[in-house]
Each structure stands twice: as C-alpha cells, then as structure tokens.
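K.L.:
Return atomic coordinates for the entry below.
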Amino acid sequence: MTTSSENRYEIPCLASHCLDPLHQLEQRLLAAQTAIENWLREQWRKTPAPFYSSVDLRNAGFKLAPVDTNLFPAGFNNLSEDFIPLAVQAAQETLERLAPGCLRILLIPENHTRNNFYFENLFTLQDILSKAGFEVKIGSLLEEIEANKKITLESGGSITLEPIQRQGDHIKVNDFLPCFILLNNDLANGIPKILQGIKQSILPNVNLGWHSRLKSNHFHHYEQVTKEFSALLNLDPWLITPYFSYCTGVDFMQREGEDCMLEKSQQILQATQKKYDHYHIKEKPYVVIKADAGTYGMGVLSIHEVEEIRQLNRKKRSDMMVSKGSRPINKVIIQEGVYTFETWNAAVAEPVVYMLGQYVVGGFYRVHTGRGVSDNLNTPGMQFEPLPFVQACNIPDYSGKQKGKCANRFYVYGVIARLALLAAAREQSEVLKQAE
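P.N.:
Got it, this is the predicted structure:
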C-alpha cells in the first residue's frame, strides 16, 4: 500500500480519550531523554544488539507495549524511502562491529516460491547492504533451485536466487565465497544440515531460530529490562510491559493443557483489572493466547472471558494446532492484551519499528480494515503505511511545530522498541554462552 505525497506525513488518529494519558507517558520519557540515551548506551556496551530486528507495538494511550519481537524481520520494503540512507549508515556501523573486515555477504531467505511481497523485502535488504559497501548474493535453501533463478518484481527491480553449495566447512554460491552469512530465514523447522558446522559467521545465531526460541523467554527478559528502566524513571513498569505467562503440553483438539490456560488467563485478567481500576480505565481486560514460537500471525486467539477457551469451535481449535511450516503448537504464551486505539483512515493500526543493530531505521503501520481494537492485525488483508517520520525517530521535537507532536510519539515508539531490542540482546547473550 503506497502513500501519495500529500498525505505522506499524515499521522494516524488516536482516540481522544487516550490522548491525555499518552501525553503523560510521552512527557515522562521526553523529560528523561538524556538519562534514557545514556542508560541505553551503557546497556549496548554490556550486551551488544542483534544484527537486525522488528518490534510490533500496541498503543492503547494509557499503555504502550511491545507484543512481539522478530529477529529475522521481513518487510524492509515497507519502510519509507527517505530513511534508506539511515539504514545504510546503521548497516555499515553494525557490520563493522559484528563482522570486521567482511566484504561479501550471503543472504539466506525464507523458502518462499511465489511471495512477491517477501521478494520485495529481499530486494530492499540487498539494496541497503550493497549501498553500505558489501557484495551481496541471495542463496536459496530450496532443493528445486538448481541454477540461478531471476525474479522480476512489480516495483521494477529484480533479485536472483542462487543455489547454495557446501564446500568442506564453508558454503558458497557458484564462485562467490562469503565471509558472513545473514539469515532472513527464521529456521522454524530446525537448522538445515547444509548450515550445520560451517566456519563462516552466521547472524542471527542459528539457535535464535523459532525451532528453539520462545516468546515467553523473550518477555521474561523484557520484564527484567523494564523493571530496571522504570526504576531509572520512577515509572510503573506496567505502563510499558504486558503481563504474561505460558503453558506447555498443549493440544487444542484433545483439550490438553486447557486447565493451565484457564488458570493463567484468569490470573492475568484479574491482575490487569486491578491496574485498570487503579488508573480508572474503563476498558475490559483481555488476553491473547498464541504459539510460544513462530511468526506470520498464525496461532493467535483473543480471549475476553476464560470460558471462551472451553467454548472454542472446531475451526478455531484447528487454527491453533499448527504454526508456520505446519509446526505443531504444544506451547503457548498467554499475554495481557493491549488495545490499539490508533486508526488510519478509520481502520485500526499498530506501529512496527525496525532496527539495524542498536539503531532505529524506520517502521510502518500495520493497518487492517476488517479487524477490531483487540484483534491480531497480522492476518491476510493487512496493509502497510510507512511510519511518517519527519525526522529521525531517536530525536524528539521540542518546538511544538509538528502537528500533534508526532515526532515525540515516534521518539517514544523508538524507546519502547529499543527496550524490546535490549531484551533480545540478552536472549542472544544467553544463547551464545550456552554454545560456548
């Protein structure tokens, strides 16, 4: 979904009853900008950020929190073209830190064969890395790719998928021997044999793929990050942190793990209601039950009353049986639902923030005309609008010239997204220590 030049910097509407609490949170963060940036800088020295990431945020006005963090982000094609130079600069700095001296990158994508939107993402990512000064090839894991396959894109560009070959403890494509492997494949079905035991650097680490990574572990780290951050600002962590729990041994069709989901959901609903009462919030609490591993918005339920779990129909139970790649769902995270009260042309919207290394490089609004304020928007029918940054997301505007102080809202988005990124950095550090 593209934007015309005249509405390029249009800011999504936020429900009027949410503006005051949002501005209160904004002001707390803006007033502490120097302390926040110093604290984050110190955190990156202790725990370096992953190569790239994207964070799904939900803005209820009274609460702003991440609901998912992806370490293998697709969607770079949805970023504003104005901020590609910022992404190029961030890529240069990040790769100099993570792969010093490297000049050749092999980009390994998802095993899509006809997803043109994803191919546009690969084109943009390859373009960013090429402009950063790296030679980049795209190597496919698909066995059916036996020779170079050129794909022409609707945007007018093209990409070439090349078959990966194993040569001893290295991989290459044709005569191109990379010094660094960049995964844009989340390895939901495990680590391919061709990638096991190779000597080249691989980022993100293969053990951060969804075959072993858990959202509940990520939010455990995020909870700790926001406790530390909130102590710095004398802030209630709940304002930026969703309550969560998890259940294992789940089978929706056989109703296994149902008692656990009922109990944990009830606990979160009650805890959320106490916070709503404390802050005089009139909305009804809800929880989201979703696969503890995986992306693409699969395996997600919004529950307002615990009895809804018992009353799920066969179709909904079937939808909760498998995630991406037909991987069985037997672990779920139960997360406090965060409303989204932002709208774009009367459709509900949620911001997604993209980062390269520790730097915010842009983002977009995920917009869905067929969904409500408590629904998962990452479903078929969603559209994208680039986040209309008027200036860099990490620089707030104090002049008051920007309509609706939009730059300040985006600065706040950047802060919360970087807290989620710090949680992911701690996940990464944990994985690397286990691998030693």
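
K.L.:
which residues of the stretch 251-400 of the chain fall in helices?
P.N.:
Using DSSP state H, counting those that start in this stretch, the helices found in the stretch 251-400 of the chain span residues 258-278, 307-310, 314-319.

K.L.:
Okay, buried residues for the first one please.
P.N.:
By neighbour count, and taking 16 or more other Cβ atoms under 10 Å as the criterion, the buried residues in helix 258-278 are 258, 260-262, 264-265, 268-269, 272, 275-276. For the C-beta atoms, the positions are set from N, CA and C on the backbone; glycine is no exception.

K.L.:
do the same with the shortest one
P.N.:
Counting neighbours by 16+ other Cβ under 10 Å, one finds that the buried residues in helix 307-310 are 308-309.

K.L.:
what does that helix rub up against?
P.N.:
With contact meaning Cβ atoms under 8 Å, 6 or more residues apart in numbering, helix 307-310 is reached by 258, 261-262, 265, 289, 303.

K.L.:
and which of those residues is nearest Pro237?
P.N.:
Pro237 lies nearest to Ser265 out of the contacts of helix 307-310, by Cβ to Cβ, at 21.0 Å.

K.L.:
ok, that closest one touching His304?
P.N.:
No. Ser265 is beyond contact range of His304, at 10.0 Å (criterion: Cβ atoms under 8 Å).

K.L.:
Go through the longest helix anywhere in the chain and flag the buried ones.
P.N.:
Longest helix of the chain, by residue count under DSSP state H: helix 406-435. For helix 406-435, burial by neighbour count (16+ other Cβ under 10 Å) applies to 406-428, 431.

K.L.:
So for it, mean pLDDT?
P.N.:
On average, the pLDDT along helix 406-435 is 89.

K.L.:
Please apply the same query to stretch 271-291.
P.N.:
Here stretch 271-291 scores 95 as its mean pLDDT.

K.L.:
Convert it to CSV, retaining C-alpha atoms only.
P.N.:
In CSV, the C-alpha atoms belonging to stretch 271-291 read as follows (Å, rounded to 0.1, in the frame of the first residue of the first chain):
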residue,chain,number,x,y,z
ALA,A,271,-4.2,-8.6,37.6
THR,A,272,-5.0,-6.4,34.6
GLN,A,273,-8.3,-5.4,36.0
LYS,A,274,-6.6,-4.2,39.2
LYS,A,275,-4.4,-2.0,37.1
TYR,A,276,-7.4,-0.7,35.1
ASP,A,277,-9.1,0.1,38.4
HIS,A,278,-6.0,1.9,39.7
TYR,A,279,-5.8,4.0,36.6
HIS,A,280,-9.5,4.5,36.2
ILE,A,281,-9.5,2.7,32.8
LYS,A,282,-13.0,1.7,31.7
GLU,A,283,-12.0,-0.8,29.0
LYS,A,284,-12.5,-4.6,29.5
PRO,A,285,-9.3,-6.6,30.0
TYR,A,286,-8.5,-9.4,27.6
VAL,A,287,-5.7,-11.9,27.0
VAL,A,288,-4.0,-13.1,23.8
ILE,A,289,-3.1,-16.8,23.6
LYS,A,290,-0.6,-17.5,20.9
ALA,A,291,2.1,-20.0,19.8
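
K.L.:
Can you pull the residues that touch both of Ser265 and His304?
P.N.:
With Cβ under 8 Å, 6+ apart applied, the contact sets of Ser265 and His304 do not overlap.

K.L.:
all strands of the stretch 251-400 of the chain, in order?
P.N.:
287-291, 300-303, 322-323, 327-328, 331-336, 342-344, 347-356, 359-368, 383-386 (DSSP state E, counting those that start in this stretch).

K.L.:
Out of these, which is closest to Leu153?
P.N.:
Nearest of the strands of the stretch 251-400 of the chain (Cβ to Cβ): strand 383-386, 16.1 Å.

K.L.:
Identify all contacting residues around that closest one.
P.N.:
Residues contacting strand 383-386 (Cβ under 8 Å, 6+ apart): 1, 3, 12, 75, 78-80, 344, 349, 362-369.

K.L.:
now swap in stretch 244-254 and tell me
P.N.:
In contact with stretch 244-254 (Cβ under 8 Å, 6+ apart) are residues 214, 216, 219, 223, 256-257, 260-261, 264, 267-268, 292, 312, 317-318, 320-321, 329-336.

K.L.:
Just the buried ones out of the residues you listed, please.
P.N.:
Buried among the contacts of stretch 244-254 by 16+ other Cβ under 10 Å: 214, 216, 219, 257, 260-261, 264, 268, 292, 312, 320-321, 329-336.
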